[in-house]
Structure formats: C-alpha cells, structure tokens
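Chemist: Okay, here's the prediction I keep looking at, along with the sequence it came from:
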Amino acid sequence: MEEIAKVATKPSSAFGIANLLCWQGKILLVFYTDYNRWQFQLLSEEGEVFGEQQTYQTAIDAERAGREWVAGCKGDRS
C-alpha cells in the first residue's frame with residue numbers, strides 16, 4: 001500500500017484523519033472521532049465503504065487492524 005498522508009498525533013478536533021493508504025484503487029482510511037476513538041474503513045473505487053465498528057486506542061493499532069483486515073480479504077460491509 002502506498003501511504004498518502006500521515007498524522008503522528010491525535011487531532012484536536014472531533015474528527016481527524018491519521019492515514020490514507022491507497023492500493024489497487026481502494027483507500028484504507030484511519031480516522032479519529034471523540035466518541036468512537038480510532039477506527040478504519042476501506043473505500044472502494046465505486047464509493048462503497050467497508051470495515052468494522054471496532055475502535056482502537058491508537059492510530060497505529062487501527063492501521064494495523066485495517067491492514068490485517070484487508071490482507072484477510074474480508075468483504076463485510078460496515
């Protein structure tokens with residue numbers, strides 16, 4: 001995956017993007033919300049959103065889980 005953008009620390013706003021990782025026309029998005037903490041979602045070329053509702057303590061944990069989720073070829077839509 002090609003890393004497009006990365007933020008090292010927790011954003012100060014209610015929503016922030018930590019990582020955008022792009023490969024084969026898909027984007028793995030790692031983001032923060034005050035309510036849900038860190039999460040990941042996979043965006044397809046067609047605009048579909050996939051992922052899990054699980055939250056993580058850090059952006060690194062969410063990115064790792066997202067990469068593992070993608071590597072496992074799961075197709076469950078969130």
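Modeler: Arrived safely.

Chemist: Please enumerate residues in contact with stretch 35-54?
Modeler: Contact partners of stretch 35-54, identified using CB atoms under 8 Å, 6 or more residues apart in numbering, comprise 18, 25-33, 55-59, 61-63, 65-66, 69-70, 74-78. The way it works is simple: take the backbone N, C-alpha and C, and place the C-beta from them, glycine included.

Chemist: Go again with 6 Å.
Modeler: 25-30, 32, 55-56, 59, 62, 66, 77-78 (CB atoms under 6 Å, 6 or more residues apart in numbering).

Chemist: Of the residues you listed, which pair is most distant in space?
Modeler: Spatial extent of the contacts of stretch 35-54 (CB to CB) is set by the pair G25 and T55 at 26.8 Å.

Chemist: who has more neighbours, those two?
Modeler: Using other CB atoms under 10 Å, the more surrounded residue of G25 and T55 is T55, with 16 against 9.

Chemist: Distance of the more buried one relative to E46?
Modeler: T55 is 26 Å from E46, where distance means CB to CB, to the nearest Å.

Chemist: try K26
Modeler: Taking CB to CB, one finds K26 at 10 Å from E46.

Chemist: In terms of neighbours, single out the busier of the two.
Modeler: Under the criterion of other CB under 10 Å, the comparison of K26 against E46 puts K26 first, with 15 against 6.

Chemist: secondary structure class for the closest residue to A59 other than its chain neighbours?
Modeler: Of all residues not flanking A59 in the chain, A18 sits nearest, at 3.7 Å (CB to CB, 6 or more residues apart in numbering). What DSSP: H, G, I helix; E, B strand; the rest coil gives for A18 is strand.
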